[in-house]
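Visitor: Need coordinates for the below:
(one chain, ligands or ions: 2)
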Amino acid sequence: MKIKTFRAKTMQQALNLVRHEMGAEATVLHTRELNTGLLGRFLRGREFEIAASVEMEVPARLATIEGIPTLPEWNSAFSDAQLDDVGRDYHSPILQQQSDRFELQTLVTQLQQRQNHAALDQSPESLFQAYTDLIESDIEERIAQELIDRLRSQPGLELHDRFALRAELEHMLADDLQVAGPIEITPGQKRIVALVGPTGVGKTTTIAKLAANYRLRENQRVGLITVDTYRIAAVEQLRTYADIIDLPMEVVSTPREMREAKARLGDLDLVLMDTAGRSPRDEVRIQELKSMLAEAEPDEVHLVLSAVGSARSMISTAERFATVGTTGMVVTKLDEATGLGNLVSVARSSKLPLSYVTDGQNVPDDIQVAKSKTLAQQILNTNP
Ligand SMILES: Nc1nc2c(ncn2[C@@H]2O[C@H](COP(=O)(O)OP(=O)(O)O)[C@@H](O)[C@H]2O)c(=O)[nH]1
Ligand SMILES: [Mg+2]
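Guide: Ligands and ions are numbered 1, 2, ... in the order given. This is a model prediction of the structure:
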């Protein structure tokens, strides 16, 4: 059986080649996009491949689909197309091409839905640039695509205006990044705030920053509780801060001790609770944390995540810790992250508002109340 492979810059061009070479009766056996990686696309551009034959008789699978959307105008320069004979047997036919226009369009429509990047081919350069900027900021591809689609369908938006696109993207990202504001304290009404999260993300350091700010700058009565008794060093780390800032500190390892510690810290304005890092995969430890928090009855539970983590790991960590009743999110190590687009993924999926961000090891300076607009600018790298 004679099979030919056709390659072109767009699927439509490749299909035009099939039609031109093999006629309307040709059967499309197989399609794929080459250069699917970002790098390949940059170096060689997009490239689509179709294997087709005129000798194959198979029932047309797509021919019965109704309500096909009209195709956009594709430009069909043949210049980059290549033809090559492969002359090999092919055993998994997809559809038979019966009438030239109807079926070719159906196929292209299907492929278009699968290849949701295809539309970018016809976009202004500025829109494509915006897309690659988003990818470089570590925004997940599906989210970048969605944002670009929203830009494209925005009435009145000048798609050639790079700055207008940026401003609009900033708005959209800011909407995704909901914030909680700082911990609100009413003097005399003890507020208990626990920090939870994986080991090493910066819980203890963040507690020290918060404690120092509320105690030294806002002159509130602050106390600390640590339930991180698995490692002596962890207790010592917090005690050192407690001594420097001059704060009462309680070390707790059972729910009963928690009750007693709470009573001893009864007349404070703010109690910050440090917890042991838990691997989000360690269900037993997560349950322990849950029962400890049930006893502590915190007003707020902030999940601490490092901005250095991947979107996927941040999302799954947030899912695991949701069972302990997280109410907000602190993102640390902004200074070490290469891109902050992963925050959009975790904010969307966890629905947790951001309370604070931290950007360095210095206690108490390297902490800020999270602001949607500033974070959006940081993601887009437009923050001065
Ligand atoms: N670069 C950077 N390092 C941080 C930040 N926050 C914490 N760290 C460092 O991360 C390490 C682990 O912090 P620690 O508070 O002990 O984490 P924990 O295990 O979650 O309590 C320490 O070396 C901190 O100095 C931050 O915002 N930026
Ligand atoms: Mg710690």
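Visitor: Which strand residues bridge residue 368?
Guide: Per DSSP bridges, the residues bridged to residue 368 are residue 357.
Visitor: For it, give me the pLDDT.
Guide: On pLDDT, residue 368 comes in at 98.
Visitor: Counting neighbours, what do you get for residue 231?
Guide: 12 (other Cβ atoms under 10 Å). Heads up, the C-betas are built off the backbone N, CA and C, glycines and all.
Visitor: For it, give me the backbone phi and psi.
Guide: phi -130, psi 130 (degrees, to the nearest 10).
Visitor: For ligand 1, see how far away it is.
Guide: Here the criterion is Cβ to the nearest ligand atom, to the nearest Å. By it, residue 231 lies 9 Å from ligand 1.
Visitor: any idea which element residue 271 lies in?
Guide: strand 270-274 (DSSP states H and E).
Visitor: Pull up the pairing partners for that strand, direction included.
Guide: Going by DSSP bridges, the partners of strand 270-274 are strand 191-196 (parallel), strand 222-226 (parallel).
Visitor: For the spatially most central residue of the chain, give its distance to residue 257.
Guide: In the chain, the centroid-proximal residue (Cα atoms, centre = their mean) is residue 345; its distance is 2.5 Å. Separation of residue 345 from residue 257 (Cβ to Cβ, to the nearest Å): 38 Å.
Visitor: shaky segments in the stretch 101-250 of the chain?
Guide: Scanning the stretch 101-250 of the chain with the threshold set as pLDDT under 70 gives 101-123.
Visitor: if we can go back for a sec, does the residue nearest to the centre of the chain touch residue 141 like I think?
Guide: No. Using Cβ atoms under 8 Å, residue 345 is not in contact with residue 141, being 10.9 Å away.
Visitor: tell me the contacts of the closest residue to ligand 1 within the chain?
Guide: For the chain and ligand 1, the shortest gap (Cβ to the nearest ligand atom) falls at residue 202, measuring 3.0 Å. With contacts defined as Cβ atoms under 8 Å, 6 or more residues apart in numbering, residue 202 is in contact with 304, 306, 332-333, 358.
Visitor: could you redo the last one with a cut-off of 6 Å?
Guide: For residue 202, the contacting residues are residue 332, by Cβ atoms under 6 Å, 6 or more residues apart in numbering.
Visitor: cool, residue 325 as well?
Guide: Applying Cβ under 6 Å, 6+ apart to residue 325 gives the contacts residue 301.
Visitor: Give me the local confidence score for residue 76.
Guide: pLDDT for residue 76: 31.
Visitor: should've said residue 287
Guide: 88.
Visitor: quick one: it and residue 258, what's the gap?
Guide: Remark: distance between residue 287 and residue 258 (Cβ to Cβ) = 15 Å.
Visitor: ok, those two, which is more surrounded?
Guide: With neighbours defined as other Cβ under 10 Å, residue 287 and residue 258 compare such that residue 258 has more, 22 against 13.
Visitor: Get me the contact residues on this protein for ligand 2.
Guide: 203-204, 234 (Cβ under 5 Å from the ion).
Visitor: so can I have TSV of the residues you listed showing neighbour count, distance to residue 366 and secondary structure?
Guide: Shown next, in TSV, are the residues of the chain next to ligand 2 (neighbours: other Cβ atoms under 10 Å; distance: Cβ to Cβ, whole Å; DSSP: H, G, I helix; E, B strand; the rest coil):
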residue	neighbour count	distance to residue 366	secondary structure
203	28	14	helix
204	24	14	helix
234	20	20	helix
